[in-house]
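kindly generate the corresponding structure for this input.
(3 chains)
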Amino acid sequence: MTTFVATVVGSICFAVLAPIVGCFLDGLDRKISAGMQGRVGPKLMQPYWDVRKLLQKEKMSVNTVEGTYIACALFFAIVAGGLFYSGGNFLLCTLVITLSSLFFIMAAYSTRSPFAEVGAARETLQVMSYEPMVIFTAVGMYMIAGTFDVAGLFDMRHPLICYGWPIFLGLLFILTIKLRKSPFDISSSHHAHQELVKGITTEMSGPTLARVQILHWCENVLFLGWTGMFFLSAGPASLIVALVFVALVYFLEIWIDNNFARVKWQVMLKWAWIVALVAGGINIAVLAFA
Amino acid sequence: MVHIGFLVCLPLVAAVLLSLVRANKARNAIVYVSAALIAADSLWLCFSQMGTQGVYFTFSSSAVDAVCTLASIAIGACIIAYAVRYKNVWAGILAVVQLVGSLVFDFTLAHTASVEQGLYFDSLSLIMAFIIGIIGTGICVYAIGYMEDFQKEHEGEKDRRPTLFAIMFLFLSAMYVIVFSNNMVWAFTGWEVTTLCSFLLIGYTKTDEAIRNAFRQIIMNIAGGLGFLAALYYSAGVMGTLDFSQFLQMGMIAPALVVLPVTCLTFAGLTKAAQMPFHTWLLGAMVAPTPTSALLHSSTMVKAGVFLLIKLAPLYALSVIPSMLAILVGGITFCLASFMAISQSNAKRVLAYSTIANLGLIVACAGVGTPEAVWAAIFLVIFHAVAKSLLFLCVGTAEHHIGSRNIEDMDLLFERMPKLARLMMLGIMTMFIAPFGMLVSKWATLVSIIDAQQVALIVLLAFGSAATFMFWAKWLGKLSGIAAEQEDVELTVHKSEWIALYAMAGLIVVLCALLPVVSDCSVLPYLQSVYGSVGAPIGNDLLWLMSVLVIVVAIVLFAGLNRQPKDVRKASVYMSGVSVNSEARTFINSMSGETEATSRNMYLENIFGEKTIKPIGEIACTLLIIAAFAVSLSLSISVLF
Amino acid sequence: MSFMSKSPWVIHYDASSCNGCDIEVLATLCPGFDAERFGVINTGNPKHADIFLVTGSVNSRNIHVIREIYNQMPEPKAVIACGCCACEGGVFHDCYNVIGGVDRAIPVDVYAPGCAVRPEALIDAIVEAEKVLEEKYEAMKKGEHAPVIPLDAPVLKKGA
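Predicted coordinates:
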């Protein structure tokens, strides 16, 4: 029962706070990217204005179900976030966020738009590419901490990173896919001029697109939380350390985004799996046998 | 015990009746009535004995032994006759070896080891009885409507439906024999009967391909049956017992003694559960009519194999060699079969590969042998049975109404067959996504294999699961496409088909939502009776959380998607220019003509094609099996002499 | 309050431009002029866009395309004719296949003259278009909608 209440309360808090944090991070991203490109860039509030504008636009859709699928995707992303930030089960969190991705993919497929379909197919490839590493992360956490509960990490003497740094590096690699950053933004890019128009979101417009945007903010906050999790240990000081490292990781992702050209899916799949096998496999083997 | 007798005999009686009756109406009536009776009695048995720790009946009968001997002779004679008729040397040789082997056994060793308690049931066999009684009979009901269409499509061919229905009911009876027999000889007879039945069902259409695939099935499964027979020889000759529960107890006390028979039984289980390198028989079985494939896949044949392995699980926890054999073969099969499923566009082949993969996972779980792993294995069995049979039946119905079983042709099914598409989506989601049962079981699998420190299996599971997402998600995507008003071709679906489909779908939702209850009332009692006190690998609080999410998804699927928002402007699909017709996806090309935009799903043939993956799996698994036999043989020799 | 003027997302279509104006449109979005300062994003997708930038004149082949893109944009939406050709046909105005400026195909809100149009002029036009978007948003709330123009509708009157 306590799990249930904690998840519900956590989800409500996440639903309120994650979009705010995510929006701020997105603004920061655009500002820093502009700086790296020698531009002034938009105001920090720009992502917020974008979404407010999208919400005010006309409701337009190619079918009746697209909006329902996106609402589901958003709902499950919030549940996943609530699970994680209320200190709940990490593995369940990864499973629920996969469900959210599935609804997102189905929304794109349901439009039968050629661009959206190719985008959705690539999105499934992306999920397939990062999924092994996500499972290894959960496995590594369980082997080191003895629990899947995020709250349990606060009882540890040493943070996860001490025994799980290869897994952390692997997670960083697939984080680029999850945050939809170049070179792995193959299903949909937040920059213009993609060969797929807007890939998976091509047919989504107005309020639906706004929800997709909020979905991405929530996802970003959640995934950054996954990286921060590696630095948690007993004592409140570890939270500050975690936040510092999360900021560093985010900066690193922006830097990667600005410095690498998009790759083909074959390259993404190959390297994501190789990294997962080497980083995850070896780390887990060492944890099991050493 | 009356119930066991009833469940074994009623399908037999029905089978005899069905093989004699030629009138359609009478046949349908018999099928409905006996299916209802079997289902009702299975349910009654399950609920009245819920949570049982196992009940053993003192029952031995020389009459039953004689029937078993006669059945062996009949099976051998039948296969030899077919082998002679179709000039298949291997099947003939194997059948002769098996016939001679089982006759020699029946007249010599079988009498040295008498079995007091011939019949039993525990919570696991009740779960199996539930699956056979509900899903097996559901498939039989479905077959009424399906075979009517099938017969129409094959106009002018001989109506062999009496045989088909008779074999299906015989199948059910044999399954009950397997799950309720404590006497290993009786279980073996049931085992061989299922082999023969599936041989006849696969060859049902008598085309060249069907006959070829049927023989492949029979060769592989007789080889497995010989493994079972070898275990019987060892058990009776060396250990002096044919009582399965005694066999297990002796094995727990002296694991070194039972290494060889357990390896033999594992081999038998692997063939029946279509693990690599024996997976090809199950792919070949796809030529059969759909109810046959559903019956083979979900409720009977393959589940018999994993049932045996789950029973052996406590021994795997103690003896390394058969355990590693099951874990590695199961794990490799899970991973590689999932890979190969990506490259398939034929819906039934995708289902077949996914079945092989999931059976691999069950086999691996059984091989780990810890109580948590067995918990996961049993749930995998339950959810795989319901979800897969729903999917097979959906594909069968779709095939008759859209004329294809190719996934690419299922575009727009959401509109052409709205109810069927939603059922199919439910089935697919149950197979691979949280919060549905299969994924909960996979989660439990993961927990149990981490606890057991099976690194190789963790890696195989991680990559296999990723591939699973890919092939299911793209199929789901194809189903969910919506254009404009399409011709509704659903109206001609038979009523019997809807009954079966909705029963399965309802069962899925109920089972997923009540997962913690099933765990407490059925699965944990079994684990308790085998391992002593144990807990589930996943806490009930989390399971209830999943239940809530299941209900949310079910509501969205069956209610949320029917919503018709009012103030939404309908726009055409973006085609980089002038679209002519959004529904047909045509646009004006650069020559002012019309071009249709087409897109296919990705099948990644170059990476995950059968040509690349299959040899790897076959060689690896064959070597594993040979190595396991060699080591366990030498171990046994050193123990015995 | 409306947020229309805060985030003008554009889509750019080259009708039959000589590519001079197109280069200038891209230059506007590049670091030199950095139109993203005002929240401008080049979406490349009518369904995401608020402002339709058309370069070049309208001819009998592309008039359908322009109308299709216009119809696919969600309201409120504004159209900017970029450069002389887009405004009224330019040097191509009496070619055999040229119909005229963009306003012959769809209603135009802002005209940005120049051959080729200067980035400064374009930024100015976008800021103008933001005001139009605000007005149209108010109108949309009152229930007044932009017309859906059938692809084979007759050519509009000049400057309509």
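
now B:Gln249: which helix or strand?
Applying DSSP states H and E as the criterion places B:Gln249 in helix B:244-253.

how far away is the closest residue to chain A within the stretch 101-250 of chain B from B:Val534?
Distances between the stretch 101-250 of chain B and chain A by CB to the nearest CB are smallest at B:Ile127, namely 24.5 Å. Where you see a C-beta, it was placed from the backbone N, CA and C, and this is true even at glycine. Distance from B:Ile127 to B:Val534, counting by CB to CB, to the nearest Å: 16 Å.

which of those two has more residues huddled nearby?
Neighbours were counted for B:Ile127 and for B:Val534 using other CB atoms under 10 Å in any protein chain shown; B:Ile127 has more, 23 against 17.

verify the stated contact: the more buried one with B:Pro525.
No - here B:Ile127 lies out of contact with B:Pro525, judged by CB atoms under 8 Å, at a distance of 10.4 Å.

check what pLDDT the residue of the stretch 101-250 of chain B closest to chain A gets.
Looking at B:Ile127, its pLDDT reads 90.

ok, B:Cys197 - contacts?
B:167-168, B:170-171, B:174 (CB atoms under 8 Å, 6 or more residues apart in numbering or on different chains).

wait, what's in contact with the nearest residue to B:Leu412 once chain neighbours are set aside?
Leaving aside its chain neighbours, B:Leu412 sits nearest to B:Gly481 (5.4 Å; criterion: CB to CB, 6 or more residues apart in numbering or on different chains). By CB under 8 Å, 6+ apart, the residues touching B:Gly481 are A:109-112, B:411-412, B:414.

repeat that for B:Ala304.
Counting by CB under 8 Å, 6+ apart, the residues that B:Ala304 touches are B:175, B:178, B:190-191, B:194, B:272.

show me which of those residues are buried.
B:175, B:178, B:190-191, B:194, B:272 (16 or more other CB atoms under 10 Å in any protein chain shown).

pLDDT below threshold where in chain C?
Applying pLDDT under 70 to chain C flags residues C:1, C:159-160.

buried stuff in the longest helix along it?
Longest helix in chain C, counting residues (DSSP state H): helix C:119-141. Within helix C:119-141, the residues that count as buried by 16+ other CB under 10 Å are C:119, C:121-123, C:125-126, C:128-130, C:132-134, C:136-137, C:140.

circling back: in TSV, list the contacts of B:Ala304 along with secondary structure.
Output for the contacts of B:Ala304, formatted as TSV (DSSP: H, G, I helix; E, B strand; the rest coil):
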residue	secondary structure
B:Met175	helix
B:Ile178	helix
B:Gly190	helix
B:Trp191	helix
B:Thr194	helix
B:Lys272	helix
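
near chain A, which of those residues show up?
Counting by CB under 8 Å from any CB of the partner chain, nothing from those sits close to chain A.

export these to TSV and tack on distance to chain C and pLDDT?
Putting these into TSV (distance: CB to the nearest CB, whole Å; pLDDT from 0 to 100) gives the following:
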residue	distance to chain C	pLDDT
B:Met175	55	91
B:Ile178	58	91
B:Gly190	61	91
B:Trp191	60	91
B:Thr194	56	90
B:Lys272	54	90
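
got TSV for the residues you listed, with distance to B:Gln344 too?
Compiled in TSV, the contacts of B:Ala304 are given as follows (distance: CB to CB, whole Å):
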residue	distance to B:Gln344
B:Met175	28
B:Ile178	31
B:Gly190	32
B:Trp191	30
B:Thr194	26
B:Lys272	23
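
quick check, nearest of those residues to A:Ser189?
Of all the contacts of B:Ala304, A:Ser189 sits closest to B:Lys272, with 49.5 Å by CB to CB.

wait, that closest one sits on B:Leu309?
No - counting by CB under 8 Å, B:Lys272 stays clear of B:Leu309, with 9.3 Å between them.

give me the element the nearest residue to A:Gly82 once chain neighbours are set aside is part of.
The spatial neighbour of A:Gly82 that comes closest, neighbours along the chain excluded (CB to CB, 6+ apart), is A:Ser11 at 2.8 Å. Assigning secondary structure by DSSP H and E places A:Ser11 in helix A:2-36.

counting contacts, what elements does that helix pack onto?
If you count contacts as 3 or more CB pairs under 8 Å, 6 or more residues apart in numbering or on different chains; DSSP states H and E, helix A:2-36 packs onto helix A:46-56, helix A:66-85, helix A:206-228, helix A:237-259, helix B:540-558.

so what does the host helix or strand of B:Ile75 touch, helix or strand wise?
B:Ile75 is part of helix B:62-85, with elements assigned from DSSP H and E. Judged by 3+ CB pairs under 8 Å, 6+ apart, helix B:62-85 is in contact with helix B:89-107, helix B:184-202, helix B:208-234.

report the angle between the axes of the longest one and helix B:244-253?
Spelled out, that is helix B:208-234. Inter-element angle recorded for helix B:208-234 and helix B:244-253: 70 degrees (by axes from the mean of the first three to the mean of the last three CA atoms, to 10 degrees).

tell me the mean pLDDT for helix B:208-234?
Helix B:208-234 comes out at a mean pLDDT of 91.

show me which positions of that helix end up buried.
Quick answer for helix B:208-234 (16+ other CB under 10 Å): B:210-234.

quick one: pLDDT of the residue nearest to B:Leu412?
For B:Gly481, the predicted pLDDT is 77.

got it, and the one 3 residues further on?
According to the predicted model, the pLDDT of B:Ala484 comes to 53.

what of A:Ser110?
The confidence metric pLDDT takes the value 87 at A:Ser110.

ok, the residue of the stretch 51-200 of chain B at minimum distance from chain C - how many residues close by?
As assessed by CB to the nearest CB, chain C sits closest to B:Asp149 within the stretch 51-200 of chain B, at 42.9 Å. Neighbour count of B:Asp149, defined by other CB under 10 Å: 19.

nearest residue to it in space, please, no chain neighbours.
In space, B:Asp149 is closest to B:His400, 4.7 Å off (CB to CB, 6+ apart).

picking that back up, ok, the longest helix of chain C near chain A or not?
Yes - legend: contact between helix C:119-141 and chain A by CB under 8 Å from any CB is shown at C:137, C:140.

and that helix, what does it pack onto?
Counting by 3+ CB pairs under 8 Å, 6+ apart, helix C:119-141 packs on helix C:20-29, strand C:51-55, strand C:78-82, strand C:110-112.

next, format the ones you listed as CSV and append mean neighbour count and distance to C:Glu68.
Output for those, formatted as CSV (neighbours: other CB atoms under 10 Å in any protein chain shown; distance: least, CB to CB, whole Å):
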stretch, mean neighbour count, distance to C:Glu68
helix C:20-29, 20, 19
strand C:51-55, 28, 11
strand C:78-82, 29, 14
strand C:110-112, 23, 21
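
give the contact list for B:Ser293.
B:Ser293 neighbours (CB under 8 Å, 6+ apart): B:285-286, B:348, B:351-352, B:392.

partner strands of the helix or strand of chain A with the lowest mean pLDDT, parallel or antiparallel?
The helix or strand of chain A with the poorest confidence is strand A:60-61; it has a mean of 86 (mean pLDDT, DSSP states H and E). Strand pairing for strand A:60-61, determined by DSSP bridges: strand B:569-570 (parallel).
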